[in-house]
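Asks: heads up, no residue letters with this:
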């Protein structure tokens, strides 16, 4: 009994010496204080998701008839209201009408030399082509409640920005901007996302065909081959793990069926698309024995990580996550 206790004491001393050695190694080579994180810096603002804007439905202005207003002008002043006499190069497009009295373009002034602000000569209404007078809603900044300005038109969305320099969102980002970036911000302010930005997506999701096959898939209306041929191709391709070219060679050598490797790839894409809905919603009822593996591949020069989570007993793939 004493010999066992002495052996345990010696072992404890050895472990204690190893712990001291590791502590000294950590203190010398690994700094205990880390650098302050700069994830709150405005240079990462482009990776953040902003709040949704306030959507305001403006009250409808009192509608008037420009013909009645012109006749009233004739009654009051004794002379007709003449159209605008153009003296400059900028003309008002013919599709521009006053949103209040519906006066045509020949009664509308161009106040800003082609930059979009107009004035109606009939009812004295000032309006802009890109403001709520031509839109059913107003998009307002969630921080200062200022109307957002349309900055860019993209293929699938529009970019709206708050240009208020006194907005709390802009002032907070400007205050947190490091001193070494202040001069760069003054020279190139668009490089830093300091103002509030909202992307208005213009895609009509109700017109999307959710049940159409992808372009690389094949139709299930079999003309040259039968469903049995498709089943044989998928058996060699999936169950046996062969390539599409080897599957095409085997189909010709064993079954005397001449089918191209491109058609086999289309069969695989079609079957994967049809089975995906059942696989995503299938209840695998996994056990408590799970295994995970990680691998990576390069896509356009950058690494992409892929995780596979498998049930070790049922051999079913439970999760495929990409980063």
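Replies: Everything's here; your move. Everything quoted here is computed from the prediction, not taken from an experiment.

Asks: so residue 258 versus residue 197, what's the distance?
Replies: 57 Å (Cβ to Cβ, to the nearest Å). C-beta: built from backbone N, CA, C; applies to glycine.

Asks: okay, these two: which has more neighbours?
Replies: More neighbours surround residue 197 than the other of residue 258 and residue 197, with 19 against 10 (other Cβ atoms under 10 Å).

Asks: the more buried one and residue 161 touch, don't they?
Replies: Yes. Here residue 197 reaches residue 161: they are 5.2 Å apart, a contact under Cβ atoms under 8 Å.

Asks: what mean pLDDT does stretch 293-305 get?
Replies: The pLDDT scores in stretch 293-305 average 81.

Asks: would you map the strands across the stretch 151-300 of the chain?
Replies: According to DSSP state E, counting those that start in this stretch, the stretch 151-300 of the chain carries its strands in the segments 157-161, 197-201, 290-299.

Asks: ditto for the stretch 1-150 of the chain
Replies: Counting by DSSP E, counting those that start in this stretch, the stretch 1-150 of the chain has strands at residues 54-56, 108-110, 117-120, 126-128, 138-140, 149-153.

Asks: now do the contacts for residue 53.
Replies: Residues near residue 53 by Cβ atoms under 8 Å, 6 or more residues apart in numbering: 139, 140, 141, 142, 148, 160, 198.

Asks: can you give the contact residues for stretch 189-206?
Replies: Contact with stretch 189-206 is made by 42-43, 45-46, 50, 52-53, 139, 141-143, 148, 156-163, 167, 169-170, 173-174, 177, 181, 184-185, as judged by Cβ under 8 Å, 6+ apart.

Asks: distance of residue 251 from residue 309?
Replies: Taking Cβ to Cβ, one finds residue 251 at 34 Å from residue 309.

Asks: with neighbour numbers in mind, choose between those two.
Replies: Remark: of residue 251 and residue 309, residue 251 carries more neighbours, 21 against 15, as counted by other Cβ under 10 Å.

Asks: does that one touch residue 234 like I think?
Replies: No. Contact between residue 251 and residue 234 fails when scored by Cβ under 8 Å: they sit 11.4 Å apart.

Asks: can you read off the pLDDT for residue 172?
Replies: Residue 172 is assigned 86 on the pLDDT scale.

Asks: distance of it from residue 12?
Replies: With Cβ to Cβ as the criterion, residue 172 and residue 12 are 56 Å apart.

Asks: so can I have CSV of the contacts of residue 53 showing pLDDT and distance to residue 20?
Replies: Shown next, in CSV, are these (pLDDT from 0 to 100; distance: Cβ to Cβ, whole Å):
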residue, pLDDT, distance to residue 20
139, 88, 64
140, 91, 63
141, 92, 59
142, 92, 56
148, 91, 62
160, 91, 62
198, 90, 58
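
Asks: and the furthest pair within those?
Replies: Across those, no pair lies farther apart than 142 and 160, at 12.0 Å, counting by Cβ to Cβ.

Asks: of the two, give the one with the bigger neighbour count.
Replies: residue 160 (20 against 14).

Asks: would you check that that one makes contact with residue 152?
Replies: No. Residue 160 is not in contact with residue 152 according to Cβ under 8 Å; the separation is 9.1 Å.

Asks: test my guess that residue 146 contacts residue 161.
Replies: No. If you go by Cβ under 8 Å, residue 146 and residue 161 don't touch, sitting 10.4 Å apart.

Asks: re earlier: now rank the contacts of residue 53 by neighbours and give me the top one.
Replies: residue 141 (26 neighbours).

Asks: which non-adjacent residue is nearest that one?
Replies: residue 162 (4.0 Å; Cβ to Cβ, 6 or more residues apart in numbering).

Asks: residues contacting the one you found?
Replies: By Cβ under 8 Å, 6+ apart, the contact list for residue 162 reads 141, 143, 144, 146, 148, 149, 169, 170, 195, 196, 197.

Asks: for residue 236, same thing?
Replies: By Cβ under 8 Å, 6+ apart, the contact set of residue 236 is 242, 246, 247, 250, 251.

Asks: show me the contacts for residue 13.
Replies: No residues are in contact with residue 13 under the rule Cβ under 8 Å, 6+ apart.

Asks: separation between it and residue 20?
Replies: For residue 13, the distance to residue 20 (Cβ to Cβ) stands at 11 Å.

Asks: now do residue 93
Replies: 84 Å.

Asks: what sits closest to residue 80 if chain neighbours are left out?
Replies: Spatial nearest neighbour of residue 80, excluding adjacent residues (Cβ to Cβ, 6+ apart): residue 74 at 5.3 Å.

Asks: settle this for me: that neighbour is touching residue 68, isn't it.
Replies: No. Counting by Cβ under 8 Å, residue 68 is not a contact partner of residue 74; they are 10.8 Å apart.

Asks: can you give me the pLDDT of residue 8?
Replies: Looking at residue 8, its pLDDT is 78.

Asks: per-domain residue ranges of this structure.
Replies: Domain ranges of the chain: 66-134, 140-201, 227-281, 290-322, per automatic domain parsing.
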